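K.L.:
Fold the following and give me the result.
(chains A, B and C)
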Amino acid sequence: MILNVQGITKAFPRIVANDDVSLGVRRGEIHALVGENGAGKTTLMNIIYGLIRPDRGRIMLRGSELPLSEGFLGTDYGIGMIHQHFMLIREFTVLENIILGSEPAKGPMLDRARARRRVEELVARYGIEADLDRKVRDLSVGEEQRVEILKVLYRDAEIIIMDEPTGVLTPQETCGLFETMRGLVADGKTVVFITHKLEEVIEVSDSVTVMRQGRVVGNVPARETDAARLAEMMVGRQLDALPRRTAVSFGEPVLKVTGLSLDGRAGVRPLRGISFDVRKGEVLGICGVEGNGQLELFEVLIGLRRPSGGSVYIGGDEVTHRSTASRREAGLAEIPPDRTTMGIVAEFSLRENLLLGRQTDNRFSRSGFLDAGAIDGETSRLVGEFGIMPPDPDARGYSFSGGNQQKIVVARELAREPAILVACQPTRGVDIGATRLIHKCILRQADEGKGVLLISADLSEILSLSDRIGVMYRGELVGLFEREDATEEKLGLMMAGVLN
Amino acid sequence: MRGEVRTGLAGVIPPLVALALAGIVSSVIVLLLGESPLRIAEVMVTGSLGSLSSIANTLEEATPLIFTGLCVAIAMRSGLFNIGGEGQLVVGAFVAAWVGYRVGGLNPVMHITLCVALAGAAGALWALIPGILKARFGAHEVINTIMLNYVAFILANFLVGLPYFKKPGQIPQTEDVLSSALLPRMTFLYEYTRLNLGFVIAIACVLIIYILLEKTEVGFEIRSVGHNPLASRASGISVVRNTLIAMAISGFLAGMAGSERVLGVHRHFISPFPFGYGFAGIAVALLGRNRPMGVLVSAVFFGALASGGAQVDIETNVPRELVTVIQAIVIIFVACEYPIRKLVFPRRRTAT
Amino acid sequence: MTEPVAVFALSLLAATVRKSVPLIFASTGGFFSERSGVINIGLEGMMLFGAFSGALVAVLAHNPWLGLIGAAVVGAFIACVHALATITFRANQIISGVAVNLLAVGGTVFLTQVFMGGERSFSLGPADRLPMWGPFLPLAYLCFICVAGACIFAYYTVPGLRLRAVGEHPRAADTQGINVARVRFAAVVMSGVLAGLGGAYLPYFSGSFAKNMTSGLGFIALAALIFGKWHPAGAMAASLLFGFADALQETLQGRGGLPPQVFQAIPYVLTVVALAGVIGRSRPPAALGRHYERESPG
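P.N.:
Reported below is the predicted structural model:
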């Protein structure tokens, strides 16, 4: 055992992230740590790396104890960490990013030549390609990840921790990463990686630890298990299926998009000619690995960004160049992917958050003045209908849990009785109870003859709610078919870019 | 800290602690000067509240601060820093002097209303310049508002020199405004006071701004934009429109401050025009937590400080600039509220 | 025919340099602070304190060189206050800067009254002033050296790399073992030292200290920094440009049909125009103005 975690506990004000966690990692193995969002995986890794101090427990590294209580830097102990969101300085070159913090120097002056030699050695040894003089902002995501790996190797890391490394990679890049991992391990390094993608775990890891709600629920060698069994351990039980909708007839398109394109910086094109429509009474689900243009599609549909080409129609009217307010008036409602930045105003009360976007409605505002009585009535109604807890109209937005915050967003958007609901990652980071409520709301919208566009990276969510399913990959809609024609494998392959 | 505001008891304690700390530091300064802090405090209290004349003085000093405090506060609630209160006040003062002198034949109610309204409009326009530059070009309003302060002083200086505006003589000032434009002074309190009707107008503004922010649609949108512009945009609220509205109101208030000074106190415009109210407004708004009622209390407090400080300057050898120094110290301590809050409420969850 | 023109041009050039020296010092100081991620609106106040203490120490000690040291030390001290407030106590950087300016305006007059017996301004005697080295004061030469030093520091040394890293992505720097707070603190103090020196130039040149004598130079210096794309050489060039406008204003005064106020307003108006045109192209350090804190729920 190179790394032995014993009884680590860490509590934050709202949640116990790690509850008496123990696990062991052998030298030279690829160890996968799996669990759902919020299971505590990242917190545990941050503790091992020294970024967070635990409340209790100890960690033995190569037989001696890590000084958890004093605060330490993982790199000083041969632990390297590659975070989910890269810690790269976009304006610096690859070389500068790699050496930052351990710069070779001649007196106070930076010794770039020596730095370059060292890094080129590493590049050659592990076969990790990188152009040292390019600025990070010009790199692709896969290239950025390679820089992160070089950073860690530059500091002679023995144990390399990776947090969701394949979340943003193409299939080829993922293969390349696994090759690199195997190369590292062949050289005597140890790799620990966090993921929620169970196929990867089976493919590349030696040993798997499963976490759920802050606790370790099991540890098995990879070859003795399969994705299904891991999934069961992760979730804890079989989820009963939602009532399937009886066959419905769909009406006119209520949302239509043709040839939608968006040009980004440095030649990147987040959206490339997307076309689809959502009919009345229909749930159109768009799935795909996060980072393939879903956020940009959402922003363009809502009106936060103008497309470079193409058109958007709501109920027959072209709204491509119209403001968000005017689209909402035309019948659009949205559930944004990030409730803390886009959905809720943290400092506003529950009452005010439920009013957000509806303050101009003449039920609540007359001649510019807000009608407190009408607003209070509406607040009580929505709180009751959606089970928002705590039901205190003066409680500030930040005091609600993620699930309840999402309920607030859903409640106020649906209260407008929109013609088309655009939901982007609506249940990300949300507890089971709120998730079921949101799913029921989505189905009810469709049952009432409205349209729903569901953009989600959660394949099971897409499969259980959608009437038609589309797959986004690299800014394009690479497949669009009826629910009956979709299987998880087919979708998974298309999401990974393996086209028919 | 965009437009952030705390309510209830929790909201009042940090500023009080900050004041206490500022008081301690000021006492140390006074001690170093060889004076007794208690004596200074005593003189300050008598100089600000000890008699009808000092109370009147306190309120008179507070009046422009109420306006400029509201000016800074409403801009902050929408997420913008309006450091241009000085310039907006000067522009308003000039317009008030101009309209007060040149427009004749009106009864006092109409004349005063016209002067104050136009002064406010001038201030609003002056504030809209950096507002539009920010909205259109993303140019940071802090430097722009400060630059426009200087431009305003220079512009006023130029205009006052022109024969059309200038009162004949050596001093660069305008003619006194007509008697129909004068804001009546509250001589029933004290014969020689300069406290005038402008104080009542200021209080009215406090109420109006309170109602605007808490009870109207526009106020709701402004506050939303100040707290979270992205979520506001996603809900269809226009950040541009609301920040411009807030800036316009902000400048209008500063312009009104200028009109009160001209119509109630000085009775004409002079260059250089007495200054400092705009910057003091920042301290007032901060201490008042950017809330209208808080601004009122805070402005009266600073007014007392100014009035007491003048008395201290007369009676002791501590110069009146001590007041400016205290203002600055108060700002710093109030701005450092985070450790104070952690100290007083160790387990309370704070918004990011 | 050409001689008067040449003389005019040379004197204009000299005047430009003289007007630019305080701006160059202050904008270079601003460079350090802003590159580390801390907005320094208080540059104006630090300059004013530098002007005051430089002059005061020179008068009290009858030694202008000690005065320079005094200006630098006081500038550093005031900067410490700003750094403590914004970095350690998480105060809003702009508000703290405004407080520093207010403190300077009131504080310098206050202290003048205290030390100079009730006066609100004071002058330097002949023994208190710096000697001229050629057409300029020693400070003028120093400021250009500082610019060169800043460039070398920022782009060729290890601490300079870390300074820029902290201003762009403090979390990345933190995970690589860099103490973000310490780097920022040092950067802000440095900006105070330079601003103090820049401020000291004013009374040394004019021979007296008067209330609020910096009259906005600190803000113009910030504009020069922004105009110069947060690079010391760019800031220097922009400072020279603004200095030129000011020198032109002074030289042309009275001549030409335009009233003096038009020229007085040029630096301020030019700044506004520059900011409007420049912001789209000039990119600030990515973490500028944002407080950095390490621990957050995973």
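
K.L.:
how about low-confidence regions in chain A?
P.N.:
A:14, A:36-38, A:167-168, A:170-171, A:196, A:235-247, A:265-268, A:496-500 (pLDDT under 70).

K.L.:
Domain map for it?
P.N.:
A:3-235, A:253-344+A:400-495 (automatic domain parsing).

K.L.:
what about the shortest one, near chain C?
P.N.:
To tie it back to what came earlier, the one meant is domain A:253-344+A:400-495. No: on the criterion C-beta under 8 Å from any C-beta of the partner chain, domain A:253-344+A:400-495 is out of touch with chain C, staying 11.3 Å away. The way it works is simple: take the backbone N, C-alpha and C, and place the C-beta from them, glycine included.

K.L.:
Just name the most buried of the domains of chain A.
P.N.:
Comparing the domains of chain A by mean neighbour count (mean count of other C-beta atoms under 10 Å in any protein chain shown), domain A:253-344+A:400-495 ranks first with a mean of 20.

K.L.:
So for that one, first residue to last residue, what's the gap.
P.N.:
One end of domain A:253-344+A:400-495 sits 25 Å from the other (C-alpha to C-alpha, to the nearest Å).

K.L.:
can it be found next to chain B?
P.N.:
Yes: interface with chain B: domain A:253-344+A:400-495 contributes A:302, A:304, A:323-329, A:334, A:336, A:341-344 (C-beta under 8 Å from any C-beta).

K.L.:
between the domains of chain A, which one is nearest to C:Phe209?
P.N.:
domain A:3-235 (37.0 Å; C-beta to C-beta).

K.L.:
Mind checking which of the residues of domain A:253-344+A:400-495 next to chain B are in strands?
P.N.:
A:Glu334 (DSSP state E).

K.L.:
which other residues reach stretch B:15-29?
P.N.:
B:37, B:40, B:287-289, B:294, B:322, B:325-326, B:329-330, B:333-334, B:336-337, B:340, B:343-344 (C-beta atoms under 8 Å, 6 or more residues apart in numbering or on different chains).

K.L.:
switch to 6 Å and redo it
P.N.:
By C-beta atoms under 6 Å, 6 or more residues apart in numbering or on different chains, the surrounding residues in contact with stretch B:15-29 are B:37, B:287, B:326, B:329-330, B:333-334, B:340.

K.L.:
Please identify which pair of those residues lies farthest apart.
P.N.:
Across the contacts of stretch B:15-29, the longest distance by C-beta to C-beta is 22.1 Å; it joins B:Pro37 and B:Ile340.

K.L.:
of all the domains of chain A, which lies closest to C:Gly134?
P.N.:
Short answer: domain A:3-235, nearest of the domains of chain A by C-beta to C-beta, at 31.9 Å.

K.L.:
rewinding a little: dump the contacts of stretch B:15-29 into JSON lines; add neighbour count, secondary structure and pLDDT as well.
P.N.:
Listed next are the contacts of stretch B:15-29 as JSON lines, based on neighbours: other C-beta atoms under 10 Å in any protein chain shown; DSSP: H, G, I helix; E, B strand; the rest coil; pLDDT from 0 to 100:
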{"residue": "B:Pro37", "neighbour count": "16", "secondary structure": "helix", "pLDDT": "87"}
{"residue": "B:Leu287", "neighbour count": "26", "secondary structure": "helix", "pLDDT": "87"}
{"residue": "B:Ile326", "neighbour count": "23", "secondary structure": "helix", "pLDDT": "86"}
{"residue": "B:Ile329", "neighbour count": "26", "secondary structure": "helix", "pLDDT": "90"}
{"residue": "B:Val330", "neighbour count": "28", "secondary structure": "helix", "pLDDT": "86"}
{"residue": "B:Phe333", "neighbour count": "27", "secondary structure": "helix", "pLDDT": "89"}
{"residue": "B:Val334", "neighbour count": "26", "secondary structure": "helix", "pLDDT": "86"}
{"residue": "B:Ile340", "neighbour count": "19", "secondary structure": "helix", "pLDDT": "73"}
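
K.L.:
Just put these in JSON lines and tack on distance to A:Arg53.
P.N.:
Formatted as JSON lines, the contacts of stretch B:15-29 follow (distance: C-beta to C-beta, whole Å):
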{"residue": "B:Pro37", "distance to A:Arg53": "43"}
{"residue": "B:Leu287", "distance to A:Arg53": "37"}
{"residue": "B:Ile326", "distance to A:Arg53": "41"}
{"residue": "B:Ile329", "distance to A:Arg53": "35"}
{"residue": "B:Val330", "distance to A:Arg53": "36"}
{"residue": "B:Phe333", "distance to A:Arg53": "30"}
{"residue": "B:Val334", "distance to A:Arg53": "31"}
{"residue": "B:Ile340", "distance to A:Arg53": "25"}
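
K.L.:
give me the subset of those residues touching chain A.
P.N.:
When the contacts of stretch B:15-29 are checked against chain A using C-beta under 6 Å from any C-beta of the partner chain, none falls in range.

K.L.:
Contacts only, for the spatially closest residue to B:Arg185 that is not a sequence neighbour.
P.N.:
Nearest non-adjacent residue to B:Arg185, counting by C-beta to C-beta, 6 or more residues apart in numbering or on different chains: B:Asn196, 4.7 Å away. When contacts are counted by C-beta under 6 Å, 6+ apart, B:Asn196 touches B:183, B:185, B:264.

K.L.:
related to what we said a few turns ago, quick check: of the residues of domain A:253-344+A:400-495 next to chain B, which lies closest to A:Val152?
P.N.:
Closest to A:Val152, out of all of these and judged by C-beta to C-beta, is A:Thr341, at 29.7 Å.

K.L.:
Show residues contacting stretch B:161-168.
P.N.:
B:159-160, B:172-175.

K.L.:
Between the residues you listed, which sits nearest A:Ala457?
P.N.:
Once C-beta to C-beta is applied, the member of the contacts of stretch B:161-168 that ends up nearest A:Ala457 is B:Leu159, at 63.1 Å.

K.L.:
how much space between that closest one and B:Thr174?
P.N.:
9 Å (C-beta to C-beta, to the nearest Å).

K.L.:
These two - which one has more neighbours?
P.N.:
Neighbours per residue (other C-beta atoms under 10 Å in any protein chain shown) separate B:Leu159 from B:Thr174, with B:Thr174 holding more: 25 against 18.

K.L.:
Correct me if wrong: that one contacts B:Ala97.
P.N.:
Yes: if you go by C-beta atoms under 6 Å, B:Thr174 and B:Ala97 touch, sitting 4.7 Å apart.

K.L.:
show me what contacts A:Glu164?
P.N.:
A:Glu164 touches A:84, A:194-195, counting by C-beta under 6 Å, 6+ apart.

K.L.:
Columns distance to chain C on top of these, output as CSV?
P.N.:
Shown next, in CSV, are those (distance: C-beta to the nearest C-beta, whole Å):
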residue, distance to chain C
A:Gln84, 10
A:Ile194, 11
A:Thr195, 16
